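Colleague: What would the 3D arrangement of this be:
(chains A and B)
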2 protein chains.
Amino acid sequence: MGLSRTMTDPRYTPLALSLPATVPFVGPETQERQRGAPFVARLGANESIFGPSPRAVEAMAATDIWKYGDPESHDLRHELADYHGVKPENIVVGEGIDGLLGYLVRLLVGPDDTVVTSDGAYPTFNYHVTGFGGVLHKVPYRGDHEDPEALFSKAAEVDAKLVYLANPDNPMGSWHSGANIVAALEALPARCLLVLDEAYVECAPKGTAAPVSADDPRVIRMRTFSKVYGMAGARVGYGIGAPGLIEVFNKVRNHFGMNRAAQAGALVALQDTDWLSQVQSLIAAARDRLSQIARDNGLEPLPSAANFVAIDCGRDGEFAKAVLEAMVAQGIFVRMPFAAPQNRCIRVSCGTAADLDAFANALPKALAKAKATI
Amino acid sequence: MGLSRTMTDPRYTPLALSLPATVPFVGPETQERQRGAPFVARLGANESIFGPSPRAVEAMAATDIWKYGDPESHDLRHELADYHGVKPENIVVGEGIDGLLGYLVRLLVGPDDTVVTSDGAYPTFNYHVTGFGGVLHKVPYRGDHEDPEALFSKAAEVDAKLVYLANPDNPMGSWHSGANIVAALEALPARCLLVLDEAYVECAPKGTAAPVSADDPRVIRMRTFSKVYGMAGARVGYGIGAPGLIEVFNKVRNHFGMNRAAQAGALVALQDTDWLSQVQSLIAAARDRLSQIARDNGLEPLPSAANFVAIDCGRDGEFAKAVLEAMVAQGIFVRMPFAAPQNRCIRVSCGTAADLDAFANALPKALAKAKATI
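Modeller: So this is what the prediction gives:
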């Protein structure tokens, strides 16, 4: 951005001055403003178009929004603890996983501290690491799967304080069994914390959630109400971890940062297991339909344990980007992985029948256009 | 908190390890859980019990909460820019002023950097400064007013990067004319940024808002929807400042941190000027009533330009604390200033007639109890 350090500018920290002006993601609204029209189908942000539990919507509407939220998120934390069979002291609630990742990185990572992640994994995590001066080391995917062994081996090699692993993975939708994650933990270096992002685990096969003890000091698991619970706009995430670690968040978090309606809505959403089951079914059906649409167009859908499907466009990243741009030009918001060779895919979120009809209609045209230009 | 640095603990940064476990405020819900009963009147957090614009409530309920909020808060920023007659590039929207203060401090303050505030001013600002390793220098109030001249003189003395001033002041309710703030700016040291917290300015006399140019690089003004707009639980604050400074927030802020319903609600709340006028009248009337109740009990209410009244209990901090505790014991949530001699007061938020009836009923008993024990 080229800050001019004139005699009137505030005196930013050296770290702030060194930071790039990049943002983790361009939002769909920005793209809509740029193209001058709303999207026909919003299938790019892995939101849950099926929406939240109607009971959660009611609870949010019934909230006295003139009151600050409870800074302890007491009721929600206790409900989450009951749900998971852990202690409230194992739970930290925050402004989405994004907010919690920011706090976690702040607590652990200072200038030149090392962190390990996968090449092409969650950009917002990387944004936080860079933002606190950390140095990222990246390992490649292994066959479109994140590679715990390689991550932990790299962590040992570079003496990482923190390692990031998403299971199920975003953007590929691939997954490991929870048992395999736990087995891999044996190779996690001492005093290297694993942040295990399980944002999509509620739509994964049974056994995907890692059976890690909540008191295990080696791991903090991240969960969210933004995906299967359909409350991305509410900003509620939580971490499950050892009480000593959970307590340390209190040193830096924005205590009054939680939206009060969001707290109330998340609590009720957690209780509405019927709605969760319905959405899980809808996601499974939409994944099947998306996969079929891909095959109908001669493309290969990747198996997915998340609420989206990565579709292999069959050529390189340049070609997939052309497909993506041709989809966006037709009003279909989708995204794609950032790193090769995963960027041969486009990533399509589950949606309603109408959304997927629109996707099915646009895809052959986008492919034709991409083939004509690349 | 006494972290044990065993061989299993994560490796926190030296700064994180050094931080105290203190929180800026204990929330009213925590106090309710401790006393085993809800408060009869919630008059301690300077929330607006009159609530938000009904149109804002409708807008929040109508929001597709399954969608992430617009990371640019484009529509709200543009509406705010129009409202203030500035450019959208002068506006940063964030998760309450608390969230924005955290980002601002992060951008400017590193270990041992100096910051100036008033003794007894906003604890959450202090929390952020300490949280990033800054060193706070405090100047006393002057006759229950914040003292811009003393603040800026101290800033020059200690080479502060940042100075905090609230106008109207919290917790005292006192205020300076905006013209006087601008005049005092002449003494602000070069490249020391003033964060001017105008959270309560919508219920202050005309002329209290400082007529600072939005492009003035010396000042960032903070505003909120948590006070007069009645949306504390929604978490919407904004800063008005020079585009160069506003842009730098993009390097560290949680881009997808805003609640989508809150964005929509704030936009409509800003448009509903009739509701704002009504609430301003209700606040003025409640201030008068609170002042009268104080006088009826032989206490001195301080003049207030905010949505609360500081009531001088006539003795020292110990006595005021006894009054406060006796109020809380009767189910009346109030707070008090932190530093002497301002802590001779209790601070009471404006409320409905029923709230103030409950306050009027409890106050004489609390005074009697305090007099009997101190």
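
Colleague: what does stretch A:325-343 contact?
Modeller: Stretch A:325-343 is contacted from outside by A:28, A:31, A:35, A:37-45, A:119-120, A:123, A:140-141, A:144, A:171-172, A:310, A:316-317, A:320-321, A:324, A:345-349, A:358-359, A:362-363, A:365-367, A:369-370, using CB atoms under 8 Å, 6 or more residues apart in numbering or on different chains. The C-beta positions use only the backbone N, C-alpha and C, and glycine is treated the same way.

Colleague: Recalculate using a threshold of 6 Å.
Modeller: Outside of stretch A:325-343, the residues within contact range by CB atoms under 6 Å, 6 or more residues apart in numbering or on different chains are A:28, A:39-44, A:119-120, A:171-172, A:317, A:320, A:324, A:345-348, A:359, A:362, A:366, A:369-370.

Colleague: among those, which ones are buried?
Modeller: When the contacts of stretch A:325-343 are checked for burial by 16 or more other CB atoms under 10 Å in any protein chain shown, the buried set is A:28, A:39-44, A:120, A:171-172, A:317, A:320, A:324, A:345-348, A:359, A:362, A:366, A:369-370.

Colleague: Would you map out the domains in chain A?
Modeller: Following automatic domain parsing, one gets these domains for chain A: A:16-45+A:274-373, A:54-271.

Colleague: of all those domains, which lies closest to B:Trp275?
Modeller: Judged by CB to CB, the one of these that comes nearest to B:Trp275 is domain A:54-271, at 12.4 Å.

Colleague: if I look at A:Pro168, how far off is A:Cys345?
Modeller: As judged by CB to CB, to the nearest Å, A:Pro168 and A:Cys345 stand 15 Å apart.

Colleague: If you could redo that for A:Gln278, that was the one I meant.
Modeller: Using CB to CB, A:Gln278 is found at 28 Å from A:Cys345.

Colleague: same check, this time on A:Gly44
Modeller: Per CB to CB, A:Gly44 is found 13 Å from A:Cys345.

Colleague: what do you get for A:Arg35?
Modeller: Relative to A:Cys345, A:Arg35 is positioned 23 Å away (CB to CB).

Colleague: Could you do A:Ile240 as well?
Modeller: Taken as CB to CB, the span from A:Ile240 to A:Cys345 is 30 Å.

Colleague: give me the number of residues near the closest residue to A:Lys251 other than its chain neighbours?
Modeller: Nearest non-adjacent residue to A:Lys251, counting by CB to CB, 6 or more residues apart in numbering or on different chains: B:Leu19, 4.3 Å away. If you count neighbours by other CB atoms under 10 Å in any protein chain shown, B:Leu19 ends up with 20.

Colleague: Same check on A:Ala326?
Modeller: Counted with other CB under 10 Å, residues neighbouring A:Ala326 total 20.

Colleague: Surely it is within a strand?
Modeller: No. Applying DSSP: H, G, I helix; E, B strand; the rest coil, one finds A:Ala326 to be helix, outside a strand.

Colleague: Read off the pLDDT value for it.
Modeller: As predicted, A:Ala326 sits at a pLDDT of 98.

Colleague: And the pLDDT for the nearest residue to it once chain neighbours are set aside?
Modeller: In space, and not counting its chain neighbours, A:Ala326 is closest to A:Ala366: 3.6 Å by CB to CB, 6+ apart. On pLDDT, A:Ala366 comes in at 98.

Colleague: which SS class is A:Ala366?
Modeller: Assignment for A:Ala366 (three-state DSSP): helix.

Colleague: all strands for chain A, in order.
Modeller: A:41-42, A:91-94, A:114-118, A:135-139, A:162-166, A:193-197, A:219-224, A:237-240, A:300-301, A:308-312, A:332-333, A:345-349 (DSSP state E).

Colleague: out of the ones you listed, deepest packed?
Modeller: Among the strands of chain A, strand A:345-349 has the highest mean neighbour count (mean count of other CB atoms under 10 Å in any protein chain shown), at a mean of 29.

Colleague: tell me what that strand is packed against?
Modeller: Here strand A:345-349 is seen to pack against strand A:308-312, helix A:317-329 when contacts are counted using 3 or more CB pairs under 6 Å, 6 or more residues apart in numbering or on different chains; DSSP states H and E.

Colleague: State the mean pLDDT of the shortest one.
Modeller: Going back to what we said before, that points to strand A:308-312. 98.

Colleague: For that strand, which strands pair with it and how are they oriented?
Modeller: Strand A:308-312 pairs in its sheet with strand A:300-301 (antiparallel), strand A:345-349 (antiparallel), by DSSP bridges.

Colleague: Check what contacts the shortest one and list those residues.
Modeller: Counting by CB under 6 Å, 6+ apart, strand A:300-301 makes contact with A:Ser291, A:Ala294, A:Val309, A:Ile311, A:Asp312, all of which sit outside it.

Colleague: measure the third one to chain B for me?
Modeller: Going back to what we said before, that points to A:Val309. Using CB to the nearest CB, to the nearest Å, we find A:Val309 at a distance of 18 Å from chain B.

Colleague: Report the separation between the nearest residue to A:Glu149 once chain neighbours are set aside and A:Gly241.
Modeller: Nearest non-adjacent residue to A:Glu149, counting by CB to CB, 6+ apart: A:Ala184, 5.9 Å away. Going from A:Ala184 to A:Gly241 by CB to CB gives 18 Å.
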